[in-house]
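> here is a sequence together with a model predicted from it:
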Amino acid sequence: MKIRLSLMGMLVFAAAFSLRAQNDAISRFFNQYAEDERFTVVYVAPKLFSMISKVSSDDEEWNQMRDIVKDLGGLRVLAADSVLNGLELYNDAISKIPVKEYEELVTVRDGDEHVRIWTRENQTDTVIEELLLLVGAPDEFVMLSLMGKIDLAKISGLSGSLDVEGIEHLDKIKKKQE
Amino acid sequence: MRTFIEFKRILLLIPALLCASFAHTQDAGLFWKYKSYDGAIALRIPGAVSVIGSLFAREPEERMLLRRMGTTRVLIFEDGSPVTARDRERFNSRARHRKLEEIIAVRSGKDRFQIMAKERKGVLRKLVIFFHAEEVTGLISVRGRFRLDDLNRLIRKAEEWTDEKPGKLPASMPVIRA
């Protein structure tokens, strides 16, 4: 009886964990290529953003940056600029994104280069809580995920402050708003 | 007789506690494992040295920051590194176990850069920087009690200094590079 109960408990735990893993398809995509040497992987923890937001300065640019990052909850970038299957990776990533949860914000196709930006809103207070950027070209692939309370009017300013591969595509949000 | 047994227990407890506290100070084992290796540049600067060094600091802000520094450990390999992938994994898992939070992680090809921090009640207790490239591998670990206010004061001082002597210090906003 005890063995049966413990087996059932283990099964319930396993099911719960597998559901959680299924929900986080984007994290899995990041993790899949986290150790692949063709890619550059960047992770900035929420703690760093919170620390930056506490450092005050008279510098106007710094204060603008503080204003942008104060509510951010983390940044993940997966980028490759010399791959042979950039478009394949792009299509693979698109197939893994739970489209129902995201709203498409920007779609750009320039020759062979595809850029798409999605946002995910908080159901309760319609605040954007995740921004996902995907770039695919024959030799390039970028996946950028930004979490936290995101102000679309300000977020393109990050591309000037962070020198991270692929982040320059955030400028497209500004262009769209103009 | 009973008193003697209790006394013996206490006597046994003292070395055990000493061993535990010594193990706690080991910086995830990496420093102690490789500090005597051929080609290793290993430094251990006790907190007292920083306090003495603070006496020679000109600015009170610098003095305050130096006084808050605890033990600093530096381990650098310049010509190839004996640190294996398994060592890195162990280092990361032990760091997480000791409540060190990863605040930045960048991997590009075989190069890695990580900053970890331990913060409690708004005070930065420990900062660990780990970098690994083809030829250079390094670990810098700083213990201390750094408050963001101290950092703020130092930044303000640097700004004043830059205003007085323009061009001597970079006036531009800090940029996170990947």
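Yep, it's here.
> now do the strands in chain B.
Ranges of strands within chain B are B:40-45, B:69-77, B:101-108, B:111-120, B:123-132, B:137-147, B:176-177, based on DSSP state E.
> dump the ones you listed into CSV; add distance to A:Glu101, mean pLDDT and mean neighbour count as well.
From N, CA and C alone the C-beta is placed, and that goes for glycine too. CSV is the format used below for the strands of chain B (distance: least, CB to CB, whole Å; pLDDT from 0 to 100; neighbours: other CB atoms under 10 Å in any protein chain shown):
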stretch, distance to A:Glu101, mean pLDDT, mean neighbour count
strand B:40-45, 50, 90, 14
strand B:69-77, 45, 92, 19
strand B:101-108, 26, 92, 18
strand B:111-120, 31, 91, 18
strand B:123-132, 35, 91, 19
strand B:137-147, 40, 91, 20
strand B:176-177, 29, 47, 12
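> so which of the ones you listed is nearest A:Glu165?
Evaluated with CB to CB, these place strand B:101-108 nearest to A:Glu165, the distance being 8.6 Å.
> how far does the closest one sit from its chain's centre?
The chain centre lies 15 Å from the centre of strand B:101-108; the measure is CA atoms, centre = their mean, to the nearest Å.
> do stretch A:83-96 as well
Taking CA atoms, centre = their mean, the mean C-alpha location of stretch A:83-96 is offset from the chain mean by 16 Å.
> buried stuff in that stretch?
Buried residues in stretch A:83-96, counting neighbours by 16 or more other CB atoms under 10 Å in any protein chain shown, are found at A:Val83, A:Gly86, A:Leu87, A:Leu89, A:Tyr90, A:Ala93.
> pLDDT averaged over that stretch - what is it?
The average pLDDT for stretch A:83-96 rounds to 90.
> neighbouring contacts of that stretch?
Contacts to stretch A:83-96, defined as CB atoms under 8 Å, 6 or more residues apart in numbering or on different chains, come from residues A:25-26, A:28-29, A:38, A:80, A:112, A:114, A:116, A:134-141, A:143.
> just the residues you listed: which are in strands?
Reading strands off the contacts of stretch A:83-96 with DSSP E, I get A:Ala80, A:His114, A:Arg116, A:Leu134, A:Val135, A:Gly136, A:Ala137, A:Glu140, A:Phe141, A:Met143.
> so which of the residues you listed also contact chain B?
Contacts with chain B within the ones in strands among the contacts of stretch A:83-96, as defined by CB under 8 Å from any CB of the partner chain: none are present.
> excluding its backbone neighbours, what's nearest A:Arg76?
Distances taken as CB to CB, 6 or more residues apart in numbering or on different chains place A:Ser145 nearest to A:Arg76, at 4.7 Å, with adjacent residues excluded.
> before we move on, what about A:Asp139?
Once flanking residues are discounted, A:Asp139 sits nearest to A:Gly86: 5.4 Å by CB to CB, 6+ apart.
> got a list of what the spatially most central residue of chain A touches?
In chain A, the residue lying closest to the centroid (CA atoms, centre = their mean) is A:Ser145, at 0.6 Å. By CB under 8 Å, 6+ apart, A:Ser145 lies in contact with A:Ile26, A:Phe30, A:Leu75, A:Arg76, A:Val77, A:Glu130, A:Leu131, A:Leu132, A:Leu133.
> kindly state the beta-bridge partners for the last one.
What that stands for is A:Leu133. Assessed by DSSP bridges, A:Leu133 has beta-bridge partners A:Ile117, A:Leu144.
> and A:Phe29, how far is that from chain B?
To chain B, A:Phe29 is 16 Å away according to CB to the nearest CB, to the nearest Å.
> ok, now A:Ile52?
A:Ile52 is 9 Å from chain B, by CB to the nearest CB.
> that residue contacts A:Gln64, doesn't it?
No. Checked against CB atoms under 8 Å, the pair A:Ile52 and A:Gln64 is beyond contact range at 11.9 Å.
> please identify which of those two sits among more neighbours.
Per other CB atoms under 10 Å in any protein chain shown, whichever of A:Ile52 and A:Gln64 has more neighbours is A:Ile52, with 20 against 15.
> list the contacts of the residue nearest the centre of chain B.
Per CA atoms, centre = their mean, the C-alpha nearest to the average position across chain B is that of B:Ser141, at 1.7 Å. By CB under 8 Å, 6+ apart, the contact list for B:Ser141 reads B:Asp27, B:Phe31, B:Thr72, B:Arg73, B:Val74, B:Lys126, B:Leu127, B:Val128, B:Ile129.
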